[in-house]
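> Quick one: sequence plus predicted model below, questions after.
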Amino acid sequence: MKNPDADSRRGFFWRASLAGRLLCGLTAAGEGSLSAQVNSPNFRYDLLVRGGRVVDPSQNLFDDRDVAITAGRIVQLGAGISESEARQVLNAKEKIVTPGLIDVHVHVYDGVAPLGIPADPNCVAKGVTTVVDAGSAGAHTFPGLRKYVIKAVDTRVYALLNISVVGQSTYSPDNPFGELLDLRYVNPRLTIKAIEQNRDTILGVKIRLTRNLAGEHDLRALGLAREAADAVKLPLMVHIGGSYSALQEILAMLKPGDVITHSFRGRDGGILDDKERVLPQVRAAVDRGVHLDVGHGAGSFSFDTAEKAFRQDLLPGTISSDLHQYNLNGPVFDLATTLSKFLYLGLTLPQVIERATANAARLFAFPQGLGTLRLGAEADVAVFSLEEGNFEFVDSVGARRTGHQKLVPVATVKSGRLYGSASIPVVSAS
C-alpha cells in the first residue's frame, strides 16, 4: 500500500535539495545579535528569533520564518513579525534555525564514569537542548547522576540505565575491564526497581557487548537486559561491534523499538558481511522496527561503512555523537560536526536535521514534546551558521574526507531562555 506520508516527506526533501543555491549564501558572515526593547510596555512575546531560514522536518518546513516565544512555548511562527512586539529580539538573518537538537547518545556523568564530560559547554552551548546519557550509570550509581547532573545542569538530560549496577565506572584506558565481565554485577531486579523509581528521567536500558566489556557471555548478559527492559516495557539500546557472538545472534534477540547504536562502525561485528554487503539480518531487524543509531564515538563510525551502506539504501534513523572524554577533542567534537559529516555523505540539510530532532524525539518516550517548532511546543531553538568552504572531517578509524558545508552553532534557546553563543560557552569545562 502506498504511504502518503512517505510521499510527502520525499517531496519535502526534494524541494529542500532544490534550495541548495539559497543555502550557499547562509554563512557566518554578519554576527547574530540580541537586542532588548525598553520603550514599549505591551510586549506580546518574550523573545523573537527573527529572519532565519527555519528547518523543521516535523512540519515539512524549510523557509524563512520568525519564531516567537512566550512563557517558554512557541506561540507564533511566521514571516514579518514586528520586532516591537518582543521584549528581546535575536537576529538570525542568514542563519539556520532549527528545533533544539536531541543527542540520543552522550556520556555526561562527569567525575564518576571515566567517559563523562560536563554537559552544558558541550551540549546546550552547542545547539543541543536535550541529551540521553547512554548507560553511564547503573542502578547503584544512578542516584548521583540524577542529583549532580540531571537536576543541576541547564542541558535537559535523560538516561538509559546500564544493566550493570556499577554502570560505566569500571572501564578506562588505564583499567580496561568492562562492567559486564563479571555477571554478578548484572541484576535485573535492581535495574527494574531503579527505573520504576525514576520513570521521569530513565527512558530505557543500555548494554555494551564489545568483547572487552562483556567477555564471552554477551548473549547471556543481553538476555538479562532483555528481561529488565521487557518488565518495564522500555526499549533496549545495544552497543554493537567487536563482540564474542555474531551480530546476527544479537539481532535475533531484539524487538521493535529497540536501538542498535554504532551502526556504521568500521571493524568486526558491524552491519556489512565479508563481501561488503548489508547483512540480511540487519535489513530484517529494521523492517520489524529496530532502529539504527549512529553513535559516532571514538571508535564506532566509519566513512567507508556508511558510504557502502548508503549505496545499498540503508540509512540511519538517528544521528548521535556518543560524545565523551576521549573524542571531545576529535574526531567527534560535537553533534553539529557529526551532522556535517552526513551532509558530506549526501544527506540534505532537512534529512540531517530530522535525524537529530523529529526522529530522535520519537525514539524514546520523552515526557514532553520535543524536536519541533510547532505552536505550543517547548521553546527549544537552535541557531547555526552553515559555512561554505573546504572542511576536513575525520572518522573513528582515522579516514579523512573533505566536505564543503559545515554547521557551526551560534546560539541556543532552551525552554524559552536564551543560553548564549556556542562559540564562547557560558560555562567553562574546567
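Received the coordinates, thanks.

> use CA for all of it now, contacts and neighbours both
Noted.

> quick check: domain ranges of the protein?
4-98+377-388+402-421, 100-363 (automatic domain parsing).

> which stretches of the stretch 1-150 of the chain form strands?
34-36, 45-56, 61-70, 73-78, 86-91, 96-99, 101-106, 128-134 (DSSP state E, counting those that start in this stretch).

> so can I have TSV of the ones you listed showing mean neighbour count, distance to residue 412 and mean pLDDT?
Below are these laid out as TSV (neighbours: other CA atoms under 10 Å; distance: least, CA to CA, whole Å; pLDDT from 0 to 100):
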stretch	mean neighbour count	distance to residue 412	mean pLDDT
strand 34-36	14	12	69
strand 45-56	24	11	97
strand 61-70	23	13	98
strand 73-78	19	14	97
strand 86-91	22	10	95
strand 96-99	30	10	98
strand 101-106	29	10	98
strand 128-134	27	8	98
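
> most packed of the domains of the chain?
With neighbours taken as mean count of other CA atoms under 10 Å, these reach their highest mean count in domain 100-363, at a mean of 21.

> on that earlier part again, redo the domains of the chain as CSV? Include distance to residue 369.
Listed next are those as CSV, based on distance: least, CA to CA, whole Å:
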stretch, distance to residue 369
domain 4-98+377-388+402-421, 6
domain 100-363, 8
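
> For the residue nearest in space to the middle of the chain, which residues are in contact?
Geometric centre of the chain, nearest residue: residue 103, 1.9 Å, by CA atoms, centre = their mean. Residue 103 is in contact with 128, 130, 131, 132, 319, 320, 321, 335, 356, 360, counting by CA atoms under 8 Å, 6 or more residues apart in numbering.

> Against residue 76, how distant is it?
Using CA to CA, to the nearest Å, residue 103 is found at 26 Å from residue 76.

> Where in the chain is the helix or strand with the lowest mean pLDDT?
Every helix and strand of the chain was ranked by mean pLDDT, DSSP states H and E. The lowest is helix 20-23, at a mean of 36.

> now the end-to-end length of stretch 266-279.
14 Å.

> Show the average pLDDT along it.
Looking at stretch 266-279 alone, the average pLDDT works out to 94.

> got the contact list for that stretch?
Against stretch 266-279 from outside (CA under 8 Å, 6+ apart): 240-243, 246-247, 263-265, 282, 300-302, 304-305, 308-309, 312, 397.

> Which of those residues fall in helices?
247, 282, 304, 305, 308, 309 (DSSP state H).

> Return the closest of the residues you listed with respect to residue 170.
residue 247 (24.7 Å; CA to CA).

> Against residue 288, how distant is the closest residue to the closest one other than its chain neighbours?
With CA to CA, 6 or more residues apart in numbering as the criterion, residue 247 has its nearest non-adjacent residue at 5.8 Å, and that residue is residue 269. Counting by CA to CA, the gap from residue 269 to residue 288 is 21 Å.

> what do you get for residue 233?
17 Å.

> coming back round to it: between the contacts of residue 103, which sits nearest residue 377?
Distances from residue 377 to the contacts of residue 103, taken by CA to CA, are shortest for residue 130, at 14.1 Å.

> my guess is the closest one contacts residue 153, does it?
No: with contact defined as CA atoms under 8 Å, residue 130 does not count as touching residue 153 (11.2 Å).

> Let me see the ranges of the strands in the stretch 201-350 of the chain.
Taking DSSP E, counting those that start in this stretch to define them, one finds strands in the stretch 201-350 of the chain at 202-208, 236-239, 259-261, 291-292.

> To residue 374, which of those strands lies closest?
strand 202-208 (23.5 Å).

> can you give me the mean pLDDT across that closest one?
98.

> Same check on stretch 169-188?
95.

> Just the terminal-to-terminal distance for it.
With CA to CA as the measure, the ends of stretch 169-188 fall 18 Å from one another.

> where do the helices sit along the stretch 251-400 of the chain?
280-287, 303-311, 335-344, 349-354, 358-363 (DSSP state H, counting those that start in this stretch).

> Skipping its backbone neighbours, what lies nearest residue 104 in space?
In this structure, residue 104 finds its nearest non-sequential neighbour in residue 132, 4.7 Å apart by CA to CA, 6+ apart.

> Residue 57 against residue 358, yeah?
Yes: in terms of CA under 8 Å, residue 57 counts as a neighbour of residue 358; the distance is 6.6 Å.

> what residues are shared contacts of those two?
residue 372.

> residues contacting residue 394?
For residue 394, counting by CA under 8 Å, 6+ apart, the contacting residues are 331, 400, 401.

> Quick check, residue 369 in contact with residue 377.
Yes: in this structure, residue 369 is within contact of residue 377 by CA under 8 Å, at 6.4 Å.

> Report the beta-bridge partners for the residue nearest to the centre of the chain.
residue 131 (DSSP bridges).

> can you give me how far stretch 173-188 is from the chain middle?
26 Å (CA atoms, centre = their mean, to the nearest Å).

> oh sorry, the question was meant for stretch 356-366
Using CA atoms, centre = their mean, the offset of stretch 356-366 from its chain centre is 9 Å.

> repeat for stretch 216-236
Its chain's C-alpha centre and that of stretch 216-236 lie 23 Å apart, by CA atoms, centre = their mean.

> ditto for stretch 68-85
For stretch 68-85, the distance to the chain centre is 27 Å (CA atoms, centre = their mean).
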